[in-house]
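> Generate a structure from the sequence data that follows.
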Amino acid sequence: MTTSPARNRAGLWALTATHAANDFYTGAVAALLPFFVLHADYTYAAVAGITLAATALSSVAQPMFGHLSDRFGMRWMSLVGLLTAGIGVALSGLVSDSYPAVWIVIAISGVGVAAYHPAATMEARETGGGTSGAMSLFSVGGNVGVALAPSAVILAVGWLGLNGTALLVIPAIVLGFVYVAVSWRHLFARDSSAGTPAQETATRAKVSDDWRAFGSLTLVLAMWSIAYVGTSTFVSLYSIERFDTSPEFASVALSLFPAAGAVGTLTGGWLADRFGRLRIVRTGYLLAALSTVAIVLAATPVVVIVATAALGLSLFIPFAAQITLAHSYLPNRIGVASGVTLGLTLSLGGVVSPLLGRIADHANVRTVFVMMAALIAVGFALSFVLTERAVEHHEVVADPDGADTRERARA
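Next up, the predicted model:
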């Protein structure tokens, strides 16, 4: 007997809301960087170091959290991660007189972001039925959160100075409460796949993990990560340095980048389900490379804003397809696959960020975008190494009378 994947729309929307809150803190870190430069006299290398703080421990913790999610479920980890991310960012402005203290609290926030993603993505895969379209909806929550962060930071810091970061914990508390209200019955469930041990054993026997293909995808995602983190870190500073704009005007590009990314995520998920994931991945990288070149060649700050929006749209077109590809390559390690695609690759971009900061200090920020355009082009070339895998997940489904079991495949 074949059954269709179950979907829980309320649960998916609640998770999407928490994803917005969680990634709000990633965007908040980027939005705070110009204020640390202006009000705390940090250098470009120093603020790039803050980006590293947000991602360094995350890069180590992400696979561990993914493994724990695969083994024990641990849905509560998404809630704990969200609250930790919010508290870390909230404290950053309060301790801005001490760079090491800022580095530590931002690092703690990054670990929270890392803890959130694997458990939440596994639950989103379950509640959404495993399609690229459903995953794109969950993913777009992150884009929305990042897009809202610059405005929230400007309001909070503009009103209270760097001490205003204390107000930024509010989204974590409010949307964490919403998630608990919707999902409390399942919050401490052992495994988001909801299968018995016998079913899990049979599932793993049906489909093997393709680590070679997953490794190739990780290389592609590394290029994506550098472009995403680099743009989030330097696009406002680029407008300020090259065109002498105000931080408020420069932040417009930083807001449009993830907002356009939200459109790209939803569009890309829909297109991937209809035209194939690899075609959409390659198209996105090609358009992203061209958009980055447009930023480099921009003659006015308005062109920078438009080109940054185009970059956000094109860079996120492959996003949901890359997540479901990762799940198809590692069907028995969904948590690890989610942790790498949503966390470790972002951390890789953060690790490179201080190097980009040094280049900006010794040359200029424009040179950073030239390098990112080249790296996105490398990602486009590497995407042709990727192969499609038709079956993402197999489950053994019990016959209603309990007489036999048959295989179910999710494509």
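> Average pLDDT for stretch 163-181, rounded please.
Stretch 163-181 carries an average pLDDT of 90.
> With stretch 284-299 instead?
For stretch 284-299, the mean per-residue pLDDT is 96.
> Mind listing what's buried along it?
Buried residues in stretch 284-299, defined by neighbour count with 16 or more other Cβ atoms under 10 Å: 284-296, 298. Where you see a C-beta, it was placed from the backbone N, CA and C, and this is true even at glycine.
> Likewise for stretch 167-179?
For stretch 167-179, using 16+ other Cβ under 10 Å, the buried residues are 167-169, 171-172, 175-176, 179.
> what about the strands in the stretch 251-400 of the chain?
Assigned by DSSP state E, counting those that start in this stretch, the stretch 251-400 of the chain shows strands spanning 393-398.
> Just give me the closest of the buried residues of stretch 284-299 to A310.
Set against A310, the nearest of the buried residues of stretch 284-299 by Cβ to Cβ is S291 (4.2 Å).
> how far away is that closest one from L271?
Using Cβ to Cβ, to the nearest Å, S291 is found at 18 Å from L271.
> related to what we said a few turns ago, any chance of the buried residues of stretch 284-299 in a markdown table, with distance to A119 too?
As requested, the buried residues of stretch 284-299 are exported to a markdown table (distance: Cβ to Cβ, whole Å):
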| residue | distance to A119 |
| --- | --- |
| G284 | 27 |
| Y285 | 29 |
| L286 | 34 |
| L287 | 32 |
| A288 | 29 |
| A289 | 34 |
| L290 | 36 |
| S291 | 33 |
| T292 | 33 |
| V293 | 38 |
| A294 | 38 |
| I295 | 35 |
| V296 | 39 |
| A298 | 40 |
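> Next step: the residues you listed restricted to helices.
If you go by DSSP state H, the buried residues of stretch 284-299 have 284-296 in helices.
> M135: which of those residues is nearest?
G284 (15.1 Å).
> A288: what's it in contact with?
Residues in contact with A288, defined by Cβ atoms under 8 Å, 6 or more residues apart in numbering, are 227, 311, 314-315, 376.
> Pipe these into CSV and attach neighbour count and pLDDT per row.
What follows is those, written out as CSV (neighbours: other Cβ atoms under 10 Å; pLDDT from 0 to 100):
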residue, neighbour count, pLDDT
A227, 25, 93
L311, 33, 97
S314, 24, 97
L315, 29, 95
I376, 29, 96
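> can you redo those residues as a markdown table with distance to Y44?
Output for the contacts of A288, formatted as a markdown table (distance: Cβ to Cβ, whole Å):
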| residue | distance to Y44 |
| --- | --- |
| A227 | 18 |
| L311 | 20 |
| S314 | 26 |
| L315 | 22 |
| I376 | 21 |
